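Undergrad: no FASTA, just this:
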């Protein structure tokens with residue numbers, strides 16, 4: 001967690017600024033103020049159980065946004081064979097009885113999906129695929145892109161403030177029983193923020209060309225509805 005801010009900065013802030021000087025307009029600056037107790041310094045006397053609840057809920061919301069929108073983007077730009085292969089893998093994963101094995105299988109599918117989306121967004125073929133979409137399809141794709149990027153911003157917001165929040169909880173005897181769960185969520189948020197950075201770059205590039213609607217500028221914006229393909 002100590003090196004997270006620098007790592008995320010290298011992957012998102014610096015990477016996007018290199019390709020788009022106006023990257024800060026997309027909310028990659030200081031986003032932590034939207035969550036009480038997250039960001040800046042947090043002491044044992046200022047951190048409350050409600051801060052932990054909000055941190056975890058926001059992390060869950062961000063994960064859902066990224067998962068649902070990533071699935072839509074994948075199905076919108078990948079071929080029938082890739083989609084059929086993923087459906088078969090998901091069916092097999094959901095049939096696994098052991099919870100840990102099932103979770104591992106689903107996570108692997110999500111990782112493969114993210115890799116495929118990242119490559120697709122970085123290829124020249126993406127322009128042709130978007131050009132082949134009708135108005136409604138482009139709107140749906142833009143909504144998915146918006147919601148995905150909103151999830152990325154929320155993860156960054158959480159990751160930026162997670163260290164201070166964890167430190168505050170660790171110093172508060174009344175909140176110590178919740179420290180382990182908080183650390184698990186903070187670690188997950190950090191990992192997801194890093195893994196989604198390249199896709200975030202790809203979406204910023206698409207938005208800059210005007211092919212899709214503008215992306216969110218703040219982590220506090222409302223998500224847009226993501227359809228199911």
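TA: In hand now; what should we look at? Worth saying up front: this structure is predicted, and the values here are computed from it rather than measured.
Undergrad: low-confidence stretches in the chain?
TA: By pLDDT under 70, the low-scoring segments of the chain are 1-45, 229.
Undergrad: try 90
TA: Along the chain, segments meeting pLDDT under 90 span 1-47, 124, 127, 161, 190-195, 197-198, 209-213, 227-229.
Undergrad: residue farthest from the centroid of it?
TA: residue 173 (31.9 Å; C-alpha atoms, centre = their mean).
Undergrad: residues touching the residue most central in space within the chain, list them.
TA: Nearest to the mean C-alpha position of the chain, counting by C-alpha atoms, centre = their mean, stands residue 152 at 3.4 Å. Applying C-beta atoms under 8 Å, 6 or more residues apart in numbering to residue 152 gives the contacts 12, 62, 66, 193, 196-197, 199-200. Bear in mind the C-beta positions are built from the backbone N, C-alpha and C, glycine included.
Undergrad: TSV please, covering those residues and showing secondary structure, neighbour count and distance to residue 54.
TA: Below are the contacts of residue 152 laid out as TSV (DSSP: H, G, I helix; E, B strand; the rest coil; neighbours: other C-beta atoms under 10 Å; distance: C-beta to C-beta, whole Å):
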residue	secondary structure	neighbour count	distance to residue 54
12	helix	25	23
62	helix	25	12
66	helix	25	19
193	helix	28	18
196	coil	25	21
197	helix	22	24
199	helix	25	26
200	helix	28	23
